[in-house]
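1. coordinates for the following, if possible.
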Amino acid sequence: MKKVQIITDGSCLGNPGAGGWACILLHNRRTKEMWGSEPHTTNNRMELRAAIEGLRALTEACAVEVVTDSEYVKNGITTWIHGWKRKGWMTAAKKPVINQDLWKDLDQQVARHQTTWVWTKGHASHAGNNRCDELANRAAREQSASGQADG
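-> Next up, the predicted model:
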């Protein structure tokens, strides 16, 4: 089984506002950068989208380490999601899970792989996270300026 590392980040100009996501896929010595944007979104949605798109890009089952600076994404997919699914996508406060559409999509992508999740501090010394931040911010700025940007 191939071992892949996916580094992710999301960005939003305003919250909600123009948003961007980015991910970097690393396998052996190969690197693939991906990014995209949405016109009216939130930072959490862009963090989720980055992980979804990175996993979706893999064409076969892989052993994947996902590196994120979002505790929301890491805790959501490793811990909270189990309770949400048991409770019919309701929170402990009996309210619908926010971003349920993306959580379901991420859950489907994760099920295709052997996935581990690693949290890293954002805007710190992780070169891949810093590059993702740069790409996500660029995508958000381009979305804000032109209304459409994908890479």
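2. alpha carbons only for contacts and neighbour counts from here, please
-> OK.
3. contact partners for residue 42?
-> Counting by C-alpha atoms under 8 Å, 6 or more residues apart in numbering, residue 42 touches 12, 14-19.
4. export those residues as CSV, with columns for neighbour count.
-> CSV is the format used below for these (neighbours: other C-alpha atoms under 10 Å):
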residue, neighbour count
12, 28
14, 12
15, 13
16, 14
17, 18
18, 27
19, 32
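5. narrow these to those in helices?
-> Judged by DSSP state H, helices contain none of these.
6. nearest to residue 114 among the residues you listed?
-> Minimum distance to residue 114 across these is 28.7 Å, recorded for residue 19 (C-alpha to C-alpha).
7. doesn't residue 71 make contact with residue 48?
-> No - using C-alpha atoms under 8 Å, residue 48 is not in contact with residue 71, being 11.0 Å away.
8. in the chain, what helix or strand scores lowest on average pLDDT?
-> helix 127-146 (a mean of 91; mean pLDDT, DSSP states H and E).
9. quick check: buried residues in that helix?
-> The neighbour-count check on helix 127-146 (16 or more other C-alpha atoms under 10 Å) flags 128-144 as buried.
10. CA atoms only: put it into CSV for me.
-> C-alpha atoms of helix 127-146 as CSV (Å, rounded to 0.1, in the frame of the first residue of the first chain):
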residue,chain,number,x,y,z
ALA,A,127,7.2,24.3,5.9
GLY,A,128,4.3,22.3,4.2
ASN,A,129,1.7,24.0,6.4
ASN,A,130,3.2,27.4,5.6
ARG,A,131,3.1,26.6,1.9
CYS,A,132,-0.6,25.5,2.1
ASP,A,133,-1.4,28.6,4.0
GLU,A,134,0.1,30.7,1.2
LEU,A,135,-1.8,28.8,-1.5
ALA,A,136,-5.1,28.9,0.4
ASN,A,137,-4.8,32.6,1.0
ARG,A,138,-3.9,33.2,-2.6
ALA,A,139,-7.0,31.3,-3.7
ALA,A,140,-9.2,33.3,-1.4
ARG,A,141,-7.7,36.6,-2.6
GLU,A,142,-8.2,35.5,-6.2
GLN,A,143,-11.8,34.5,-5.4
SER,A,144,-12.4,37.8,-3.8
ALA,A,145,-11.0,39.7,-6.7
SER,A,146,-12.4,37.7,-9.6
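11. residues near residue 9, how many?
-> Using other C-alpha atoms under 10 Å, residue 9 has 33 other residues around it.
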